[in-house]
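1. this one's sequence-less:
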């Protein structure tokens, strides 16, 4: 049960209240934003809360079990700080959220009702609905390692140990031709064999997508020109001459770890565990399930 400030409790007990909702959002890029459904700007704890931002709150659904409680923040794209491009670009995904109930006459009288994170964002032509999940959603995330044949380390992290800044695993180039919304021809990568950057990452260093990172689905080479296919189309338009920095990828197999990166000693998978074929095999006279080592 929440304990409220005595002055705020006294205001609630009056019966006639001057209350509004305030949302403080901290995005992953470090930007802190404030919004309120009141018609005037509010300010507390060093954050300005923008009025008439198009945000309205649904009821708060809470339970006593460990299920994920949720609230919807619904509105139109009327704030200059809420843009459809940023939503599509994922800048609001998993942003930290504080939901406050505030006396707009005296913002010092307020209560923090919940903390959470932005989950699913559903959008239409002119409006969006952002789900505010409670902190219980963290309990649904996988923690720890997975017993699997493939490597569970991220290429280049401290568990992997591969240095992706090595010129052998890093290249730079620029877009020559746009083939499709997520496929481009790129110059400057003639020293790398086809497939070298498949499953890797591409960072845009100029153009409308500058600073953003995309996953590379495929890498082909024709007449010295690399053809890169991205996993997802960039939200912002690609233009010819856009510069990129690209880093090698890994398919998480031990064969690739050894042949491509000479890093078998740091392989973080279990390549020798029996596969499904061992489960489906049946007893035979000439081998199989006769008790021998698999």
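-> Thanks, I have the structure now. This one's a predicted model, so the numbers in the text were calculated from it and none came from an experiment.
2. got the domain boundaries for the protein?
-> Residue ranges for the domains of the chain, per automatic domain parsing: 6-140, 170-247.
3. Lowest average confidence across those, which one?
-> Lowest mean pLDDT within the domains of the chain: domain 6-140, a mean of 75.
4. just to revisit the earlier point, quick check: which of the domains of the chain is nearest to residue 149?
-> Each of the domains of the chain has some distance to residue 149 by CB to CB; the shortest is domain 170-247, at 16.4 Å. (Each C-beta comes from the backbone N, C-alpha and C, glycine too.)
5. Include distance to residue 254 and mean neighbour count when you put the domains of the chain into TSV, please.
-> As requested, those are exported to TSV (distance: least, CB to CB, whole Å; neighbours: other CB atoms under 10 Å):
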stretch	distance to residue 254	mean neighbour count
domain 6-140	31	16
domain 170-247	15	16
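6. Quick check: closest non-adjacent residue to the residue nearest to the spatial centre of the chain.
-> Taking CA atoms, centre = their mean, the centroid of the chain lies closest to residue 93, which sits 6.0 Å from it. Spatial nearest neighbour of residue 93, excluding adjacent residues (CB to CB, 6 or more residues apart in numbering): residue 118 at 6.7 Å.
7. Look up the residues forming beta bridges with that neighbour.
-> Beta bridges link residue 118 to residue 132 when assigned by DSSP bridges.
8. residues in contact with it?
-> 25, 92, 93, 94, 95, 97, 130, 131, 132, 133 (CB atoms under 8 Å, 6 or more residues apart in numbering).
9. With distance to residue 149 added, can I get the domains of the chain in TSV?
-> Below are the domains of the chain laid out as TSV (distance: least, CB to CB, whole Å):
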stretch	distance to residue 149
domain 6-140	25
domain 170-247	16
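10. Residue 153: which of these is closest?
-> Closest to residue 153 of the domains of the chain is domain 170-247 (CB to CB; 13.4 Å).
11. end to end, how far does that closest one reach?
-> One end of domain 170-247 to the other measures 5 Å (CA to CA, to the nearest Å).
12. List the residues that contact residue 227.
-> Contacts for residue 227 (CB under 8 Å, 6+ apart) come out as 179, 183, 184, 185, 186, 218, 219, 220, 221.
13. thinking the fifth one is in contact with residue 176, fair?
-> Yes - taking contact to mean CB atoms under 8 Å, the distance of 6.4 Å between residue 186 and residue 176 places them in contact.
14. Now do the shared contacts for the two.
-> residue 225.
15. wait, which of the contacts of residue 118 is closest to residue 244?
-> Relative to residue 244, the closest of the contacts of residue 118 is residue 93; by CB to CB it sits at 23.1 Å.
16. of the contacts of residue 227, closest to residue 266?
-> Using CB to CB, residue 219 is the member of the contacts of residue 227 that lies nearest residue 266, at 23.6 Å.
17. partner residues bridging that closest one?
-> residue 228.
18. cool, residue 20 as well?
-> According to DSSP bridges, the residues that bridge with residue 20 are residue 102.
19. start to end distance for stretch 253-270?
-> Taking CA to CA, stretch 253-270 runs 10 Å from one end to the other.
20. Pull out the buried residues from that stretch.
-> For stretch 253-270, the buried set under the neighbour-count rule, 16 or more other CB atoms under 10 Å, comprises 253, 254, 256, 257, 260, 261, 263, 267, 268, 269.
21. can you list those residues in TSV and add secondary structure, pLDDT and distance to residue 230?
-> Converted to TSV, those look like this (DSSP: H, G, I helix; E, B strand; the rest coil; pLDDT from 0 to 100; distance: CB to CB, whole Å):
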residue	secondary structure	pLDDT	distance to residue 230
253	coil	94	22
254	helix	94	27
256	helix	94	21
257	helix	95	24
260	helix	95	21
261	helix	95	23
263	coil	95	26
267	coil	95	27
268	coil	93	26
269	coil	92	26
